[in-house]
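Student: Sequence and predicted structure below; questions after.
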Amino acid sequence: MKTIAKKKSDIKLALVLLLPAILLVLLLVAYPMLSNIKISFFDQPINPRLPADFVGFKNYSDIMKDAAFYKSLGLTILYTVLTVIGSTGLGLAIALFFNRPFKFRKTARSLIILSYVTPSISLVFAWKYMFNNSYGIVNYLGTDVFHIFKNAPLWFDNPVSSFLVVVIFAIWKYFPYAFISFLAILQTIDKSLFEAADIDGATLWQKFKVVTLPAIMPVLLTVLTLRFIWMFYMFTDVFLLTNKVNILGIYLYETAFAFNDLGKASSISVILFIILFIVIIVARKRVNLNGSN
């Protein structure tokens, strides 16, 4: 009886301690989410004092008929796939290189993560200066020094070159996250496995495929999932770099604040949530299956 009473008191204490966190989550996550879903069914004016008209699923049907939405969705998927694969692949490659002792390794690690911890606004303006049409160092090197370009490209005036710049920027900025994650798991792999592979005469690719890849697979799937979510919702970097790449974050922002259509913007965010929810469920099953194997 004393044990049961102690367990009940422990549960009450745990609930009391968790209550502030639960209230905070409800206030900052649950309420805005439910409010956003509600707004998606209304023609919501910008002025909160004006009444909102209930329109049902009209906002959703308008989105499904909007060609700009599908174009933005396709561009977002392409942007997300390229940046996720690029940043993850680059982070893994550098982590494999750093997974061995060499001089000034700690200093090099610190330099690598600078792009990830530096505020985006500082990096964006540095890149805009580098790719400036008139005096940027990229055009200077490509045109005047190495003669790669006949004429200096107008990087931020063309949708294709703008898209290329924002993809390269995202890969460069976010690969340290993958680098840190992979380096941590690589350092836990038993070195005797590589020694046994060397005795068997395995090549570098065979050692990576048989020893390294199975060990890092749970981390790899987690990194891919989280990075996909973050890049799919990207807004700040692209918005600050250029106005020629209309990914979904930009499309949603313009719908809400340029066209003052809050109901349609809320519907877009609900659709994005559904897409990402499906991705998370599928990825989680893959992780669980991998872990059980």
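Tutor: Noted; the coordinates are in hand. The structure presented is a predicted model; accordingly, all values stated were derived computationally and were not measured.

Student: Which residue ranges of the stretch 1-150 of the chain form helices?
Tutor: 2-25, 31-39, 58-65, 67-98, 105-112, 114-117, 120-130, 137-139 (DSSP state H, counting those that start in this stretch).

Student: nearest to Phe156, of those?
Tutor: Nearest to Phe156, of all the helices of the stretch 1-150 of the chain, is helix 120-130, at 7.3 Å by C-beta to C-beta. Backbone N, C-alpha and C define where each C-beta goes, glycine included.

Student: Now do the buried residues in the closest one.
Tutor: Across helix 120-130, burial judged by 16 or more other C-beta atoms under 10 Å covers 123-124, 127-128.

Student: Does Tyr253 touch Phe235 like I think?
Tutor: Yes - between Tyr253 and Phe235 there is a contact under C-beta atoms under 8 Å: 6.4 Å.

Student: Could you give the average pLDDT over stretch 203-223?
Tutor: Average pLDDT, stretch 203-223: 89.

Student: Off-centre distance for it?
Tutor: Put simply, stretch 203-223 sits 22 Å off its chain's centre (C-alpha atoms, centre = their mean, to the nearest Å).

Student: circling back: looking at the helices of the stretch 1-150 of the chain, which is closest to Ala258?
Tutor: helix 67-98 (12.5 Å).

Student: could the helices of the stretch 1-150 of the chain go into a markdown table alongside mean pLDDT and distance to Trp230?
Tutor: Formatted as a markdown table, the helices of the stretch 1-150 of the chain follow (pLDDT from 0 to 100; distance: least, C-beta to C-beta, whole Å):
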| stretch | mean pLDDT | distance to Trp230 |
| --- | --- | --- |
| helix 2-25 | 77 | 20 |
| helix 31-39 | 89 | 18 |
| helix 58-65 | 92 | 23 |
| helix 67-98 | 94 | 9 |
| helix 105-112 | 85 | 19 |
| helix 114-117 | 88 | 12 |
| helix 120-130 | 91 | 12 |
| helix 137-139 | 90 | 26 |
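
Student: could those helices go into TSV alongside distance to Phe156?
Tutor: Formatted as TSV, the helices of the stretch 1-150 of the chain follow (distance: least, C-beta to C-beta, whole Å):
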stretch	distance to Phe156
helix 2-25	40
helix 31-39	32
helix 58-65	29
helix 67-98	16
helix 105-112	27
helix 114-117	20
helix 120-130	7
helix 137-139	11
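
Student: Out of those helices, flag the one nearest Tyr177.
Tutor: Once the helices of the stretch 1-150 of the chain are compared by C-beta to C-beta, helix 114-117 is nearest, at 6.0 Å.

Student: Please point out which parts of the closest one sit buried.
Tutor: Across helix 114-117, burial judged by 16+ other C-beta under 10 Å covers Tyr116.

Student: residues in contact with that helix?
Tutor: Residues from elsewhere that reach helix 114-117, judged by C-beta atoms under 8 Å, 6 or more residues apart in numbering: 123, 172-177.

Student: again with stretch 204-221
Tutor: Applying C-beta under 8 Å, 6+ apart, the external contacts of stretch 204-221 come out as 88, 92, 96, 181-182, 184-186, 188-189, 193-194, 197-198, 202, 283, 286-287, 290-291.

Student: Among the buried residues of helix 120-130, which one lies nearest to Ser269?
Tutor: Closest approach to Ser269 among these (C-beta to C-beta): Val124, at 23.9 Å.

Student: And that closest one, how close does it get to Ile250?
Tutor: 14 Å (C-beta to C-beta, to the nearest Å).

Student: repeat for Ser120
Tutor: Ser120 sits 15 Å away from Ile250, going by C-beta to C-beta.

Student: ok, now Leu90?
Tutor: For Leu90, the distance to Ile250 - C-beta to C-beta - is 25 Å.

Student: again with Tyr140
Tutor: Between Tyr140 and Ile250 the computed distance is 30 Å (C-beta to C-beta).

Student: Comparing these two, which residue is more hemmed in?
Tutor: Neighbour count, other C-beta atoms under 10 Å: between Tyr140 and Ile250, Ile250 has more, with 21 against 15.

Student: OK, contacts around the closest residue to Lys264 other than its chain neighbours?
Tutor: Distances taken as C-beta to C-beta, 6 or more residues apart in numbering put Asn59 closest to Lys264, at 4.8 Å, once the chain neighbours are dropped. Contacts for Asn59 (C-beta under 8 Å, 6+ apart) come out as 40-41, 43, 263-264, 266-267.
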